[in-house]
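[1] take this sequence and fold it.
(chains A and B)
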There are 2 protein chains.
Amino acid sequence: MVCAPRGFKAAGLWTGIKAGAVKRDLALICSERPCTAAAVFTTNRVKAASIIVSREHLEQSGGRVRAVIANSGNANACTGAAGLAAARRMAALAAEQLGIDPKEVAVASTGVIGVPLPIEKIEARAADLIAGLSLSHDNALEAIMTTDTRKKTAAAGVTLPSMASQKPGPAAGTPDRQTSAGPDAAIQMGAMAKGSGMIHPNMATMICIITTDAAITAPLLDRALRRAVNRSFNRLTVDGDMSTNDIALIMANGAAGNAPIESEGPDYEAFAAALEGLCVNLTRQMARDGEGAGRLLTVTVQGAAREEDAALLARTVAGSNLVKAACFGADANWGRVLCALGYAKPGGAGDALFEPEAVSVVFASAAGAIQVCGNGESFLFSEREAKRILMEEEIDIDVTVGTGPGRAQAWGCDLTYDYVRINGDYRS
Amino acid sequence: MVCAPRGFKAAGLWTGIKAGAVKRDLALICSERPCTAAAVFTTNRVKAASIIVSREHLEQSGGRVRAVIANSGNANACTGAAGLAAARRMAALAAEQLGIDPKEVAVASTGVIGVPLPIEKIEARAADLIAGLSLSHDNALEAIMTTDTRKKTAAAGVTLPSMASQKPGPAAGTPDRQTSAGPDAAIQMGAMAKGSGMIHPNMATMICIITTDAAITAPLLDRALRRAVNRSFNRLTVDGDMSTNDIALIMANGAAGNAPIESEGPDYEAFAAALEGLCVNLTRQMARDGEGAGRLLTVTVQGAAREEDAALLARTVAGSNLVKAACFGADANWGRVLCALGYAKPGGAGDALFEPEAVSVVFASAAGAIQVCGNGESFLFSEREAKRILMEEEIDIDVTVGTGPGRAQAWGCDLTYDYVRINGDYRS
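    Numbers count the residues shown, from 1 in each chain, chains lettered A, B, ... in the order given. Down below sits the predicted model:
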């Protein structure tokens, strides 16, 4: 879907980065015209070379990144100075072929940590990569996948006032005013993502590349992306930490001809809401494809004092191994939900986030809904009915913790035999 | 071993608390004479009734608890006012039979959350329980076990100056001066513990009961217990949180005739060090018996600025699902160790705990030791040799993060198919 917005192309091919692997492993997504761009990177203290280089390029270009080169099969993390040089070389190779500045190129890597990246294999195929650019995202998507079992793409649209509907004024930023198409501009967004090691939060290795033909300033794009990521990908995690390689990047090339979004207001809100929906969509796909996952788990917490409190509680429940294992067994073990709520720990002061006596819990799915806990105590319910509900592939755990306005969702998946199998010998 | 110290007895029998279960489920451990006592309780916001009652009794008696009644098969948590009344009744039943004050009785429960405790079954067997008191801990130990596959007991001894070696003075506290036995008093400590849901930190349900015939004031006993728990059971967890039911209780009856420990100094230090060793011993047994565990994992971090930093890093590595899964597969995937170090999060300010470039990692076991990472990068090593080392039942991960004096250990176990099986349908 990254090629749905006007002016974006993608390519993907096989270079043999991981010895013996036969699937594509190198991808390029780029805009034909300049972009504004924003990215959210891992907060892990150990950062992959691609993260360091992408952040540098985003800063040095003043948020003008317009291409991203990405590889799977090797994380290029814990690889020292040679790894950093290899990541810079990846950006330079793409820039040379595209005829743009290396600072306009971001880099993403995913795979095993601590193995030198065979940059010569990428060099050998750089020209072929650019030659393969097309309006299909298929090859690029395959090239960034690792243990993913499903392709994760999403698209969203939003209609904003066009350039033509605005009063004339001095050109602001990148957008090419020739593309204006009338009083309304149909903005498109497209995204691809990889991420499958999501069963436990801290092990996610996520790459998410979002394209849009909206015209929007880099600072506002950054703000919208951070809000969307906070309410989506970060809700797939227990504590907000990320792997060594996580990156979510958005590039906006203005080709839709909308009046540039240059301040907060209705246009910005419409754009940010669409971006948030796109990211939530991808988050659910990632949870659904958690390594070994059989069921998608959506935890909704309402009635908290603040959204942050609700988010912390929801993330903690969704991240509990015991809750996940109970979901695997379709076991209505609501005590584990209360236990997880009880150990949710605020980052700052240790304020009580809820009163256990006020908690109610409902399990729901396409097969129905059943209350299992009220006032913090057991609620008379049919175990048979609960199991029938929990046997579905998508399960909701709806928790009310009080009467406050704070509400948030978090996503996870069940903990299965296959998770252990996949991670017991990942490198072999 | 709780009956090894002079003056302690134990009993355990079957009451049928959990329908269909055939093993013993009710235990009593008590001292023939008054005790000083201390306990560490769960920090979970959701607390079992037994925790609430035990804390009350410890406070109301001024640290004079001398008996503990414990059940398995039912956690008596999230059971409301009825559950609280049931826990108080448990203490009262034991007190009646022993002829002591209910405030001198602590209560412990473990099992499923949210199911009313059938107190009438305990009432029906209270007299039999007391009649069964003996110098064997076997029945009591069986009665507190749940998914434990191994019995966890430990003993320790320390020699301290006896009453007779001290200059005469006013009697201080509990100890009976008649038992003084010469210039040295051989202090004994004994302990039993249950805890098996330890693969992920927050799901531990731990009961640990420690007895000693030392004479020591309640405040110093409390201080020694907290230090020991902090360096043992709390190192089995990622974030220091605990389940709804965790309790570690120590009772000291002074029967050994040592000069009462009434201030910090060499005697206190000797006692506290022995207690710490006892708790570390039990911690390793719990990790070894983690649900589904095949291997014991000991993570040692040295070179940190402070012990707390080292402890945080060690706990995070030991608690990483990916590290645990790699241990299951005997896979020398050291990148996951670095990744876990990188997301360790201090509770307070977000200071950098280490420089990734300074990290080295060694895997070791009875089969040998092998360095796999140096200066934060891959260290040339034989995968075959590493696998041979990691195939052992006890694995050490030794991490150096710098040149500071901070050192700490943490314990965990591998993540296996059996963990998922055990927790997928715990209640069935």
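[2] the helix ranked longest in chain A packs against which elements?
    Secondary structure of chain A per DSSP state H: the longest helix is helix A:266-288. Other elements packing on helix A:266-288 under the criterion 3 or more CB pairs under 8 Å, 6 or more residues apart in numbering or on different chains; DSSP states H and E are strand A:152-161, strand A:184-194, strand A:207-212, helix A:218-230, strand A:296-304, strand A:406-413. (Each C-beta comes from the backbone N, C-alpha and C, glycine too.)
[3] and if we set it to 7 Å?
    Contact here means 3 or more CB pairs under 7 Å, 6 or more residues apart in numbering or on different chains; DSSP states H and E; on that basis helix A:266-288 packs against strand A:152-161, strand A:184-194, helix A:218-230, strand A:296-304, strand A:406-413.
[4] any idea which of the ones you listed gets closest to residue B:49?
    Nearest to residue B:49, of all those, is strand A:296-304, at 24.6 Å by CB to CB.
[5] adjacent strands (with direction) for that closest one?
    Neighbouring strands of strand A:296-304 in its sheet, by DSSP bridges, are strand A:394-400 (parallel), strand A:406-413 (antiparallel).
[6] what's the spacing between residue A:409 and chain B?
    21 Å (CB to the nearest CB, to the nearest Å).
[7] next one: residue A:312
    Following CB to the nearest CB, the distance that separates residue A:312 from chain B is 12 Å.
[8] what's the closest non-adjacent residue to that residue?
    Sequence neighbours aside, residue A:344 is the residue nearest to residue A:312 in space, at 5.2 Å (criterion: CB to CB, 6 or more residues apart in numbering or on different chains).
[9] tell me the contacts of the one you found?
    Residues near residue A:344 by CB atoms under 7 Å, 6 or more residues apart in numbering or on different chains: A:312-313, A:316, A:353.
[10] how about a markdown table for the strands paired with strand A:296-304, with mean neighbour count and mean pLDDT added?
    Listed next are the strands paired with strand A:296-304 as a markdown table, based on neighbours: other CB atoms under 10 Å in any protein chain shown; pLDDT from 0 to 100:
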| stretch | mean neighbour count | mean pLDDT |
| --- | --- | --- |
| strand A:394-400 | 20 | 94 |
| strand A:406-413 | 24 | 90 |
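[11] of these, which approaches residue A:158 most closely?
    Among those, the nearest to residue A:158 by CB to CB is strand A:406-413 (21.5 Å).
[12] now do the closest one against helix A:266-288, angle only.
    40 degrees (axes from the mean of the first three to the mean of the last three CA atoms, to 10 degrees).
[13] the closest residue in space to residue A:295 that isn't next to it in sequence - how many residues pack around it?
    Leaving aside its sequence neighbours, residue A:295 sits nearest to residue A:414 (CB to CB, 6+ apart; 4.6 Å). By other CB atoms under 10 Å in any protein chain shown, 26 other residues sit near residue A:414.
[14] how near is residue A:414 to residue A:398?
    Counting by CB to CB, to the nearest Å, the separation of residue A:414 from residue A:398 is 17 Å.
[15] and if you look at residue A:260?
    41 Å.
[16] over to residue A:194?
    Counting by CB to CB, the gap from residue A:194 to residue A:398 is 30 Å.
[17] do residue A:31 as well
    From residue A:31 to residue A:398 the distance is 41 Å (CB to CB).
[18] now do residue A:381
    Distance check for residue A:381 against residue A:398: by CB to CB, it reads 14 Å.
[19] residues in contact with residue A:316?
    A:238, A:340-341, A:343-344.
[20] so how far is the longest helix of chain A off the chain centroid?
    10 Å (CA atoms, centre = their mean, to the nearest Å).
[21] rounded mean pLDDT for that helix, please.
    Computed over helix A:266-288, the mean pLDDT rounds to 91.
[22] so what's the spatially closest residue to residue A:270 that is not a sequence neighbour bridging to?
    Nearest non-adjacent residue to residue A:270, counting by CB to CB, 6+ apart: residue A:158, 5.1 Å away. Taking DSSP bridges, one obtains residue A:187 as the residues bridged to residue A:158.
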